[in-house]
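# Quick check, what structure comes out for this input:
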Amino acid sequence: MDPFPELYEEHRQLEAQAERLREIVMAPVADAAAIAGLRWKMAQALHDHCAHEDEAVYQTIFASGDGAATRAAWGYRQANGRISRVFGNYIGAWPIPRINREWDAFRADTLAVLDRLAARIASEEDILYSHARRVRTRRAA
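So this is what the prediction gives:
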């Protein structure tokens with residue numbers, strides 16, 4: 001079974017959630033309920049996606065014996081843990097009372113985290129998934 005359509009769909013869902021969060025933080029005042037719910041939803045989606053990626057991409061690459069793919073995957077795996085931690089730290093650093101007090105700072109921090117997530121998604125699709133597809137194709141041949 002080809003895991004890539006589902007992985008790409010998970011990315012599109014994360015991007016849609018990120019876009020919605022961008023819209024919310026561009027408002028002149030905080031919408032605490034919307035922020036809290038969406039950040040939790042994004043954290044769960046990010047966690048689930050990383051677990052799916054681990055199974056569908058990383059395990060395939062690590063079992064392949066392909067040196068270039070393995071090096072790329074190890075680099076991404078290291079960063080993958082960091083993006084999950086970065087998002088978790090971002091949520092922990094910004095409880096609702098602080099968001100309400102420091103709206104402009106929260107907005108800036110949110111946009112930086114979302115930019116980092118967007119770069120990560122683009123890079124995965126461009127580099128990591130290319131290696132994984134190559135490895136899967138070679139294995140199927």
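# Report the separation between the residue nearest to Ala73 when sequence neighbours are not counted and Arg120.
In this structure, Ala73 finds its nearest non-sequential neighbour in Ile61, 4.2 Å apart by CB to CB, 6 or more residues apart in numbering. C-beta here means a position set from N, CA and C on the backbone, and glycine is covered the same way. Using CB to CB, to the nearest Å, Ile61 is found at 17 Å from Arg120.
# who's more crowded, these two?
For Ile61 versus Arg120, neighbours defined as other CB atoms under 10 Å are more numerous around Ile61 (24 against 20).
# helix or strand for that one, which one?
helix 59-64 (DSSP states H and E).
# Equivalent analysis for Ile24, please.
Taking DSSP H and E as the definition, Ile24 sits inside helix 4-25.
# Also Trp74?
Applying DSSP H and E, one finds Trp74 within helix 67-93.
# just how off-centre is that helix within its chain?
9 Å (CA atoms, centre = their mean, to the nearest Å).
# Residues touching the helix or strand just after that helix, excluding its own?
Under the assignment DSSP H and E, the closest C-terminal helix or strand after helix 67-93 is helix 96-101. For helix 96-101, the external contacting residues (CB atoms under 8 Å, 6 or more residues apart in numbering) are Ala30, Ala32, Ile35, Ala36, Phe106.
# Stretch 8-27 too?
Under CB under 8 Å, 6+ apart, the answer for stretch 8-27 is 31, 34-35, 38-39, 41-42, 45-46, 48-49, 52, 106-107, 110-111, 114, 117-118, 121, 124-125.
# Stretch 71-85 too?
Contacts of stretch 71-85 (CB under 8 Å, 6+ apart): 46-47, 50, 53-54, 57-58, 61-62, 116-117, 120, 123-124, 127-128, 131-132.
# Go again with 7 Å.
By CB atoms under 7 Å, 6 or more residues apart in numbering, the residues outside stretch 71-85 that reach it are 46-47, 50, 58, 61-62, 116-117, 120, 124, 127-128, 131.
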